[in-house]
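K.L.:
sequence plus the predicted model coming up.
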Amino acid sequence: MMNRLALYAFVLVGIAICPQLCFSADNERPYVVIHHQGDFGCHTFRIPGIAKTNDGTLLAVYDMRYTSRRDLQAHIDIGLSRSTDGGQTWERPRPIMDMGEYGGLPQDQNGCSDPNILIDAGTGEILVTALWTHAKPGTHQWKDGGSEPGIDPAQSSQFMAVRSNDDGKTWTKPENLTSQLKNPSWFLFAPAPGNGITLSNGTLVIPTQGRDANGLPFSNLTWSDNHGKTWTVSSPARSDTTESAVVELSDGSLMLNSRDNRNRQDKSKTNGRAVSVTSDLGDHWTIHESDHGALPEPVCMASLISHQLDDGRSVLFFSNPHHTSKRKKMTVQMSLDDGVTWNKQILLDQDGGAYSSLVMVDHDTLGILYESSRADLIFQTIDLKEFGL
């Protein structure tokens, strides 16, 4: 572990690094603060996503909510922090997707939110997608007319992307993928916050979500077999579900693990994540046996990643607030049977925990970026030995 005094170095390649290493009350597991409320001239950071580049750099993305905690519509940019030392220190946050005063409207009517980060393992290109809402002050994209049928920004929230080909140091201007992806009859189509994946055959996959022609939520996938030049939108996996995470299972099929609105009322033994599987990139879906019951949730975003162990076994890691009604008890669990059973719960935050995003820091270390009771966003690591691996 890096000496805490070393964190008081202030500059790396011209970008400030802040002293951030802290210890929990039990003094057992250190954590690194990405943002305290009000830091860096920003009221709140929310909605984390994290990934490791081909060069080994950790990239954290999130909402920079400048004036309040509220969702869109508001003055929000997509921000980035980089770490080149496994998450011990982080470069100063900076916006990478900012729609400015598009259309002559102020920034609080051009907010961007809910970032998803994807590393193309084949090319090294980094893709961050997010949702942009233009105009529509006082609305929410998941309610009523906050986003409407159509393609034009004046009608519907927009599916946006930025790219980096230099390890996250510089980024392209925002590009609009809405006309390529969104069915005009839908009220909304958006990336799911967190991370996308590169499959073993090189296909890029982003978990996505929307509101159909009746305004009802759904979860699905969007994929590309040409390194993100064009994209295909899958059929819905489930209805009345939203934010999802996707992994490739040991047999090559894909698992989509989704937030389910039914859990707002269901606090029984059937409370739990909606889990679906596809073998054809989302043309057809089946319900996984762990569906509703294996992974309780208070209706919240969660994270799911896979990792190959030295002995050839595939392990899944899952994080969410392990509670049926409150966003607290941030917990990480593992599965060695493609998500049929889950065990070895590691509690990280008894009093808090909401949105989270997992990443393999190295072959033996799991990292998690999450909304915490200790700060807006913190980063922690877990040695795989703690899971008995």
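P.N.:
All right, it came through fine.
K.L.:
can you tell me how far Arg211 is from Thr57?
P.N.:
When CB to CB, to the nearest Å is applied, the distance between Arg211 and Thr57 equals 35 Å. (Each C-beta comes from the backbone N, C-alpha and C, glycine too.)
K.L.:
between the two, tell me which one has more neighbours.
P.N.:
For Arg211 versus Thr57, the count of surrounding residues by other CB atoms under 10 Å is larger for Arg211: 24 against 19.
K.L.:
in terms of helices and strands, where is the nearest residue to Pro236 once chain neighbours are set aside?
P.N.:
Taking CB to CB, 6 or more residues apart in numbering as the measure, Pro236 lies nearest to Phe218, with 3.9 Å between them; neighbours along the chain are not counted. With elements delineated by DSSP states H and E, Phe218 resides in strand 217-224, which encompasses its position.
K.L.:
now Asp283
P.N.:
Remark: Asp283 resides in no helix or strand, with elements defined by DSSP H and E.
K.L.:
what about the closest residue to it other than its chain neighbours, how many neighbours?
P.N.:
On the basis of CB to CB, 6+ apart, the spatially nearest residue to Asp283 that is not a chain neighbour turns out to be Ser235, at 6.1 Å. One way to gauge burial is a neighbour count; for Ser235, by other CB under 10 Å, it gives 14.
K.L.:
do you know how far Ser235 is from Ala192?
P.N.:
If you measure Ser235 against Ala192 using CB to CB, the figure is 16 Å.
K.L.:
now Cys22
P.N.:
For Cys22, the distance to Ala192 under the criterion CB to CB works out to 30 Å.
K.L.:
so between those two, which is more surrounded?
P.N.:
More neighbours sit around Ala192 than around the other of Cys22 and Ala192, counting by other CB under 10 Å; the figures are 28 against 13.
K.L.:
quick check, Gly272 in contact with His292.
P.N.:
Yes: the pair formed by Gly272 and His292 meets the contact definition of CB atoms under 8 Å, at 4.4 Å.
K.L.:
what touches both of the two?
P.N.:
Shared contacts of Gly272 and His292, defined by CB atoms under 8 Å, 6 or more residues apart in numbering, comprise Asp260.
K.L.:
who does the strand holding Phe218 pair up with?
P.N.:
strand 204-211 (antiparallel), strand 232-233 (antiparallel), strand 238-239 (antiparallel) (DSSP bridges).
K.L.:
if you compare the ones you listed, which one is most tucked away?
P.N.:
Per-residue neighbour counts averaged over each of the strands paired with strand 217-224 give the maximum for strand 204-211, namely a mean of 25 (mean count of other CB atoms under 10 Å).
K.L.:
with just CA atoms, put it into PDB.
P.N.:
Included here for strand 204-211 are C-alpha records, laid out as PDB according to Å, rounded to 0.1, in the frame of the first residue of the first chain:
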ATOM      1  CA  LEU A 204     -18.600  -4.900 -28.500                       C
ATOM      2  CA  VAL A 205     -21.700  -5.000 -26.200                       C
ATOM      3  CA  ILE A 206     -23.300  -2.200 -24.300                       C
ATOM      4  CA  PRO A 207     -26.200  -2.800 -21.900                       C
ATOM      5  CA  THR A 208     -29.000  -0.400 -22.900                       C
ATOM      6  CA  GLN A 209     -32.500   0.600 -21.800                       C
ATOM      7  CA  GLY A 210     -35.500   2.600 -23.000                       C
ATOM      8  CA  ARG A 211     -39.200   3.400 -22.900                       C
END
